[in-house]
Structure formats: C-alpha cells, structure tokens
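**Q** what's the 3D shape of this:
(2 chains)
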Amino acid sequence: METLVLPAVLDSLDAIARFVIDAAGAAGLSRKATYHLRLAVDEVATNIITHGYEEAGDSGDIAISAALSGDALTITLEDSAVPFDPRSLAAPPQLNEPLEERPLGGLGVFLALKNVDGFDYARAGGKNRNTFIMRRQSVEAAG
Amino acid sequence: MAFTCSIEVKNGVATLTLAGELDAASAGDFRAKIEEAAAQNPRALVLMLERLDYMASAGLRALVFAKQKMGADVDIFVVAAQDSINETLELTGFQNSVISLPAYDAAVIERAAASA
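**A** All right, here's what the predicted structure looks like:
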C-alpha cells in the first residue's frame, strides 16, 4: 500500500486527484469509474481541508493511500482534524428547489457517497479515516 | 490541472468558456468571472463546457452564485457539457435549473435574452 502525505490545503487537491487517477489506472478502472472515484475523494478531501482544518483555525496533513485486491480498489484518506463522519449529513439535498433557494450544505458529501461502490468512516487514535471502495470489473463483465 | 475561464459579453448575453478542471481550488476564478459578467447586467448567461473535463460540487455552488448575482430571470445555458458533468447535474437535480444544449444555439439564446 502506497501512501502520500500532503498539507491539507486546497492546492493539494490536484496531487490528490493525480494519486487517485494513477491508482485507478493500475486497477484497470473504466474512465467513468475513475471519474466517479476521483470526484468522491475530491469532495471529502475538500471538506477535510475547508471544514475540518481551515474553519477550525487549524492546519495539518492529509494522508492518502491505495490498496488493490482482486476485486476492488480501496482509497483511504486520513486526517487529524475535528471528528467528522460524512455520513452524518444524512438528508439528501432538496433536489427540486429553485436554484437560488437550494441549501448547499451536504452537496459534496451527497455526490461522494453516490459515486462509489462502498464507503466507510472510522475515528481512531485522534484521526478520521475515510475509505472509498470501487469494484474492479472483470474482463468478461466489461464486454 | 489548469482551469481557465474566458468571458465575452455581447448583445446582453454573457458567455463564459471553461476549460480544464473545476474544483474547490479553481472555483474562485470561476466566481470572479461570474461577478465580472454580472456587472454588465446580461440577460442570459451561457457556459461553454466542451473543454471542461471535470466539475466538483464547487462548480454547482458557483451556478447558485451566478443565479444570485444575475437574478432569477436570467437563464443559464450549459452548452456541450461532457457526459460525466451532465451526470453530476442530473444526480443533484441541477439540470432542472439550467438549460442544457448540445451545441451553441444562437436563436434559442437570443430569444431567452430578449424575454429576460
């Protein structure tokens, strides 16, 4: 499992995306699945940077790692910011409101959870751990 | 990856051409261009997205910002968006708030500007 540690600032989103795209390539994910996974990780990483650290007047690192198994690619994001479980933004956004009246909270998390095959959150040892799982298609299924 | 946004305002229509990747890091640039366009009181906003390869929720928030800045009467056109971006707009219901066109359609856009 390779791990990349980056400062939790918006400028790191690019490196995080490149990491996810490279891992998706190694896993043989389709272009669409790669986009979905990149989007999910980007949204959660953005929340960690802006809500986890910045708004708390804090700074720190994000660690991203990838693990490949026979049937899935797992990306893990770890940070030491305030405890935050993305799944706690439970209600789906109001999808039918006029644009200017849409509440914007939870939109990123909604997109993240909808775009991956599996998601898990755990808090341990003073760290948030967000885990994203994308199934690898078998060669037969891709046809 | 680089994000660029160019702006043109002509005959009451503001056209923003986006390219690259729109995420939380680049959304500030986009919002600045939206403000610049809004200052000219356009009657329609056209977003040319053919070369936009990626859009996170920050891009969706910028659409809300655009509506707020320009007023509810100003139609927002999303032109030639790539499949994954259309998918994001549909998933979040944002496709109900914009007018999606596969290609630039001057007649449709000018009609919207005239009735705004």
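
**Q** helices or strands up against the longest helix belonging to chain A?
**A** Ranked by number of residues, the top helix in chain A under DSSP state H is helix A:31-47. In this structure, helix A:31-47 makes packing contacts with helix A:13-27, strand A:61-68, strand A:72-79, helix A:107-115, strand A:127-135, strand B:44-55, helix B:57-70, helix B:83-91, judged by 3 or more Cβ pairs under 8 Å, 6 or more residues apart in numbering or on different chains; DSSP states H and E. No exception for glycine: its C-beta is placed from N, CA and C like everyone else's.

**Q** Now that helix: average pLDDT?
**A** Averaged across helix A:31-47, the pLDDT comes to 97.

**Q** Check which residues of that helix are buried.
**A** Residues A:33-47 are the ones in helix A:31-47 that count as buried (16 or more other Cβ atoms under 10 Å in any protein chain shown).

**Q** mind checking how far that helix is from the chain centre?
**A** Once both centres are worked out by Cα atoms, centre = their mean, to the nearest Å, helix A:31-47 turns out to sit 6 Å from its chain's centre.

**Q** tell me the angle of that helix relative to strand A:127-135?
**A** Interaxial angle, helix A:31-47 versus strand A:127-135 (axes from the mean of the first three to the mean of the last three Cα atoms, to 10 degrees): 170 degrees.

**Q** residue nearest the centroid of chain B?
**A** Centroid check for chain B by Cα atoms, centre = their mean gives B:L47 as the closest residue, at 3.3 Å.

**Q** nope, chain A is what I meant
**A** Most central in chain A under Cα atoms, centre = their mean is A:V41, positioned 2.1 Å from the mean C-alpha point.

**Q** What about the residue lying closest to that residue once chain neighbours are set aside, how many residues nearby?
**A** Leaving aside its chain neighbours, A:V41 sits nearest to A:V20 (5.1 Å; criterion: Cβ to Cβ, 6 or more residues apart in numbering or on different chains). Per other Cβ atoms under 10 Å in any protein chain shown, the neighbour tally for A:V20 reads 26.

**Q** residues contacting A:V20?
**A** By Cβ atoms under 8 Å, 6 or more residues apart in numbering or on different chains, the contact list for A:V20 reads A:34, A:37-38, A:41-42, A:64, A:66, A:75.

**Q** Residues of chain B that sit close to chain A?
**A** Residues of chain B found near chain A (Cβ under 8 Å from any Cβ of the partner chain) are B:1, B:21, B:23-25, B:54, B:56-58, B:60-61, B:63-64, B:67-68, B:72, B:76, B:83-84, B:88, B:91-94, B:96-98.

**Q** Just the buried subset of these, please.
**A** B:21, B:23-25, B:54, B:56-58, B:60-61, B:63-64, B:67, B:76, B:84, B:88, B:92-94, B:97-98.

**Q** Would you quantify the distance from A:R123 to chain B?
**A** 23 Å (Cβ to the nearest Cβ, to the nearest Å).

**Q** Look up how far A:H51 lies from that residue.
**A** 15 Å (Cβ to Cβ, to the nearest Å).

**Q** Settle it for me: which of the two has more neighbours?
**A** Comparing A:R123 with A:H51 by other Cβ under 10 Å, the one with more neighbours is A:H51, at 15 against 11.

**Q** what about the closest residue to that one other than its chain neighbours, how many neighbours?
**A** Excluding its sequence neighbours, the residue lying closest to A:H51 (Cβ to Cβ, 6+ apart) is A:F84, at 6.8 Å. Residues lying near A:F84 (other Cβ under 10 Å) number 19.

**Q** Kindly report the same for B:A113.
**A** So B:A113, with other Cβ under 10 Å, has 19 neighbours.

**Q** any idea how far the helix or strand hosting it is from the chain center?
**A** Of the helices and strands defined by DSSP states H and E, B:A113 is found in helix B:106-115. How far helix B:106-115 lies from its chain's middle: 15 Å, per Cα atoms, centre = their mean.
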